[in-house]
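Dropping the sequence and predicted coords here.
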Amino acid sequence: QTTSDTSEPEPRTGMELLCPASPVQFSSTQLMSTGEVKVEADSTEFLSQRKANFSGNVDITSDAATIRADEAQVKNNGRQLQASGDVQYQDAQLQVNSDEVMLDSVTETLNMSNTEYHLNGSNGRGTARMIDLTSADGLTLTDVSFTTCPAQSRDWMIKASEISIERDSMWGQAKNTRFYVGDVPVFYLPYFAFPVSDQRQTGLLFPEISSSSNTGLDIEQPFYWNMAPNYDMTVSPRLMTDRGVQLKTQFRYLSEQGYSMLDVEYLPSDKDTPNEDNRYFYRLAHDGYLSQNWTVGVDVNGISDDNYIVDLGSEYYNRADTHLARTLGLNYFAPDMLLDIHIRDFETIGFQNDSYRALPEARLAITKPFARYFEFSLDSELAYFDNKNDTSPTAMRFHVAPTLALPYQRHWGELSAEATVLNTYYRQSNIDDTDLADEVNRTLGQGRLFGTLYFERDGGWFSDTGTTTLEPKVQYLYTSYEDQREIGIYDTTVLLTDMESLFRGREFTGLDRINDNNQVTVGVTSRILDDAHREQFALSLGQIFYFGDNQVISPTQNQDRSALAAELDWRMTDRWYFHSDVQIMTQTDKVERSSHTLEYRRDAESLVQLTHRYVRELSGETIDQVGISASWPINQNWHWVGRTYRDLERNRSIESYFGLQYESCCWAIQVVAQRQLSNRFADDGQQSTDEYDSGIGVQFIFKGLGSSKSSRRMLEDGMFGYRQPYNLN
Amino acid sequence: CGFSLRGSQALPAELQQVAVSAVKPHALLKRELKARLQVYQIPHIEMEALKDNADTVVIRLQPETLERRLLSVFSTGQVAEYELIYGVTYQVIFPDKDPLQASFEVLRDYQDDPDKVLAKSRELDLVVSEMRQEAADRIIRQLARQAGEQ
Amino acid sequence: GSADFQKPITVDARTQSMDGKNKVTRFKDNVLITQGTLTIEADEVEVNAKQGEGKEIMIARGKPARYSQTMDDGSKVTAQANELRYEVNKRTISMRGNAQIKQNSSMVSGDSITYDMMKEQLMATSSDGNDDSRVTTVFRPQAVKKLSDESEDKQGDTDGKNDTQGDK
């Protein structure tokens, strides 16, 4: 499948129209060179080297800021400066009108009183009785008000007794904060922290207020504790009217050895559960280096019950996920060798019968150029498989697969030949009433011949601009056969076959089943590229021709195999797109899998997309789903998003979602109504198949505030978040 | 019907070799890209040798991202098909020119199976390594176009 | 410095003319007035000695006329303007017409500047009316120079320049 080159979604063009442009643009060209100060005034008086007075239209320009005032005084030859009378201070970060500015370049402090300030680059503005900026402890504003609303609309405002942003710190702190909607005080917080992005631009992370049928009113307010330059902690109490107060804490630690993060979420006595049980989620992640070539990775998660994520949501897992990872990994890197030792365990969600785990699994991969044209590579594995329920067989498996390859790659094409020996040794136990053997050794031979050529021609089908390419591919694959029914199934299942995997030659993951092959695969891809070398059209077709039936069948899959695959991506005009891919079973001419998408897209915010997906058989079910999703602006402020997905097999809706957003310059409100298939687990671990969750969600978004999280895009919200369908690169 | 074998060389003559660096040490995409450069016969050097090889194109890889999106669900509401989105962001620095920022995504469908969690995690590794190889080929293919535009 | 004012004033020029009645002497063509370290160069100088010995008023004109003197602390003050008016007994110099005066690293320019050489005090005003002819002063606050020297030699983390707005 080709790849899609999705640039960042275009910045919302409407944004500028909503907010008046910020009044003064600060350009650093007017500044003085380092260390120099220029003062212009109607009259200047030097009383002595120590003191000078300037009066009338005073303009002071230093190497970092400009100050305009009625009069100014410079003392002790330039070290202290005081400007007064309708003073306007401006630097790269902010612009402040005040009645007095004191500047001391020895103690590197700047104080301004009775100020009205405006942040450059954002429409954050407000007033403050005092602004103190010192090199020692950063920026402090006392009796301060802040809003991002333009002057004439006072939709919301934050007032605080003090806001301080420590020097070099990622966060600022606000004390005795009152939040006003219009002139009505709505909220009081003794203390809260807000992220200051690294460009030292002030941003406020406002508590996230939303409501849903799952949690009732849901208010989460983070407190940040910058314990040290390399470790910090964020504690976010979350009040849910239907459930109680949950405490989410995140601890991060950075050292030369790597980065680690511990996340613990705890909800004592959840009111919405029958016997008010305690619920928790924890996650330990570490990504580190033991030495120059050794790295270590930890990703261990755990939850209290199967419905935790469905009820309380999670930043790391989707409500539809089937398991949480519990892996510990150790890796050694050398130029031509890779060693990977890890323990792969899982916390499954809901009742799963086959949960095998690899405790541990070691993989060694070596690739070495050999005798100028050849390439020798060795894949070897040692694994010990264990199962949660102790009646299932366990096994130790040792696998070695040396390969000799002759890759010949040029820009016009590729020819390669490979020969591989696959030897796997098993020692299986706990196999009493099964037909598995306690010791099995399987040796298979595999040969592969692959060739592809890239042809080009100027001009497209209908136009003479751009280029058309034609890329035929052909592969012969032979794998010997051995009866493998004495080998248990530990980490093997059927592989999804689509256009990409036609040439893979493997039908199973893992190693417990290696299918015999004697087949030729033929494929062709044709693309039309515009003058900027961007794909407008990409069609791929591929088919496998079998010389004889396969003898190794997996217990779940029936006799015949899928062999014909096609994929089309087509940008018909600059607004219409079409994508489709199909796999057909050649013996029965039945469609195995197909997906089609048609989209009309005017810009990132105005689009309509129609999709259909079909899978004839997956884990015993048929998937036949159709979905339509649309997003359209009504006018500059109002915008709606709608989406509905139906299951045609059972003739019922899976998710219907409707969101309406009102957006003004400095705030936005989103009202979302959604109804979706609930996958909550009943007590017996089974999932009901026709229970629905529905709810109304209200989300306040204060724009211009630090965290982008607070302005979640409705388009990507819900189960079937929107994604561009086409894969043109 | 007018088709001829693709002629363009991967690297224009004046650029002799490529050096690959990654923000994250031991990035697997960096190893894959160096292997594919080898296969495409494009000379590449280590970053340390950069000082005495002026005419080198440097590819600087940002950390890769792997996201997934729901495509279809079973009758129980649990996920049936995911779309895997492998995100690549990198800078291409031609000698005496300012760096070019580029990013793209490789997409693949992937079926989950609640009863075969270990096997499915092996399939995920296989699919991601295939996407990584496709991303490496893609970076090399774009290199010729980006060099042409300089 | 202040000792200059006890020294005799010598004026030499190519041509000189006297107007006895009004006690005004005119000197022309690269006129040079010296008094200790104080020097004034001009195209034309008019010395008015009406108030008697030691209270002369010298009006020097040039394109521009220049003044320079070394102060007690050794620093050199230079100035220039279209017209320099040196009042000997008041020990002041008033300059008119794109006047400019420099000492160490600071410089003041404006339409008219009056400088008291004893008290080293200065008064500069712009001709009222238009805005763009305001008095301009450029100086390098002493603290910055000391600071920047200091941080050059030690591996200081504060960058050298005087950042009036805290840390960048």
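Right, received. Where do you want to start?

if I look at residue B:144, how far off is residue B:134?
17 Å (C-beta to C-beta, to the nearest Å). No exception for glycine: its C-beta is placed from N, CA and C like everyone else's.

Compare those two (neighbour count), which wins?
Between residue B:144 and residue B:134, residue B:134 has the larger neighbour count (other C-beta atoms under 10 Å in any protein chain shown), namely 20 against 16.

I'd guessed the more buried one sits against residue B:105; true?
No: applying C-beta atoms under 8 Å as the test, residue B:134 and residue B:105 come out as separate, 10.9 Å apart.

so which helix or strand takes in residue A:239?
Under the criterion of DSSP states H and E, residue A:239 resides in strand A:231-240.

Any chance you could list what contacts that strand?
Under the criterion C-beta atoms under 8 Å, 6 or more residues apart in numbering or on different chains, residues A:170, A:215-227, A:245-254 lie in contact with strand A:231-240.

how many neighbours does the residue in chain B that chain C sits nearest to have?
Relative to chain C, the nearest point of chain B is residue B:98 (22.9 Å; C-beta to the nearest C-beta). Other residues within reach of residue B:98, judged by other C-beta under 10 Å, total 8.

Select the longest strand from chain C.
Criterion DSSP state E: the longest strand present in chain C is strand C:57-70.

Name every strand pairing with the longest strand anywhere in chain B and say which way it goes.
Secondary structure of chain B per DSSP E: the longest strand is strand B:79-93. Using DSSP bridges, strand B:79-93 pairs in its sheet with strand B:56-61 (antiparallel), strand B:65-73 (antiparallel), strand B:100-111 (antiparallel).

Dump those to TSV, plus mean neighbour count, distance to residue A:476 and mean pLDDT.
Below are the strands paired with strand B:79-93 laid out as TSV (neighbours: other C-beta atoms under 10 Å in any protein chain shown; distance: least, C-beta to C-beta, whole Å; pLDDT from 0 to 100):
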stretch	mean neighbour count	distance to residue A:476	mean pLDDT
strand B:56-61	20	35	89
strand B:65-73	18	33	85
strand B:100-111	19	25	88
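
quick one, which of those strands is nearest to residue A:60?
Closest to residue A:60 of those, according to C-beta to C-beta: strand B:100-111, at 39.3 Å.

what about the helix or strand that comes right after that closest one, near chain A?
Following strand B:100-111 in sequence order, the next helix or strand is helix B:117-149 (DSSP H and E). Yes: judged by C-beta under 8 Å from any C-beta of the partner chain, helix B:117-149 and chain A are in contact via B:117-123, B:126, B:130, B:134-135, B:138, B:144-145.

Mind putting those residues into CSV with distance to chain C and pLDDT?
Output for these, formatted as CSV (distance: C-beta to the nearest C-beta, whole Å; pLDDT from 0 to 100):
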residue, distance to chain C, pLDDT
B:117, 51, 85
B:118, 52, 87
B:119, 54, 88
B:120, 50, 87
B:121, 47, 87
B:122, 50, 88
B:123, 50, 89
B:126, 49, 90
B:130, 46, 91
B:134, 43, 90
B:135, 38, 92
B:138, 39, 86
B:144, 41, 73
B:145, 39, 74
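
From the residues you listed, list just the buried residues.
B:117-123, B:130, B:134-135, B:138, B:144 (16 or more other C-beta atoms under 10 Å in any protein chain shown).

now could you export just the CA positions of stretch A:420-432 as CSV?
Taking C-alpha atoms only, stretch A:420-432 is exported to CSV below (Å, rounded to 0.1, in the frame of the first residue of the first chain):
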residue,chain,number,x,y,z
THR,A,420,16.7,-20.5,3.4
VAL,A,421,16.8,-23.5,5.7
LEU,A,422,14.2,-23.3,8.6
ASN,A,423,15.0,-25.6,11.5
THR,A,424,12.8,-25.6,14.6
TYR,A,425,13.1,-27.8,17.7
TYR,A,426,10.3,-28.2,20.2
ARG,A,427,10.2,-29.6,23.7
GLN,A,428,6.6,-29.6,24.8
SER,A,429,5.1,-30.6,28.2
ASN,A,430,1.7,-30.8,29.8
ILE,A,431,0.5,-32.6,26.6
ASP,A,432,-1.2,-35.7,28.1
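
Residue C:31 versus residue A:577, what's the distance?
The value you get for residue A:577 to residue C:31, if C-beta to C-beta is used, is 87 Å.

ok, now residue A:211?
With C-beta to C-beta as the criterion, residue A:211 and residue C:31 are 90 Å apart.

Just the CA trace of the longest strand of chain C, in PDB.
The C-alpha coordinates for strand C:57-70 follow below in PDB (Å, rounded to 0.1, in the frame of the first residue of the first chain):
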ATOM      1  CA  ILE C  57      32.600  85.800  24.900                       C
ATOM      2  CA  MET C  58      33.900  83.800  22.000                       C
ATOM      3  CA  ILE C  59      31.500  82.900  19.200                       C
ATOM      4  CA  ALA C  60      33.000  80.300  16.900                       C
ATOM      5  CA  ARG C  61      31.200  79.300  13.600                       C
ATOM      6  CA  GLY C  62      32.200  76.500  11.300                       C
ATOM      7  CA  LYS C  63      30.900  73.500   9.300                       C
ATOM      8  CA  PRO C  64      31.100  72.400  12.000                       C
ATOM      9  CA  ALA C  65      33.000  74.200  14.700                       C
ATOM     10  CA  ARG C  66      34.700  71.700  17.100                       C
ATOM     11  CA  TYR C  67      35.500  71.700  20.800                       C
ATOM     12  CA  SER C  68      37.500  69.200  22.800                       C
ATOM     13  CA  GLN C  69      38.800  69.100  26.400                       C
ATOM     14  CA  THR C  70      40.300  66.500  28.800                       C
END
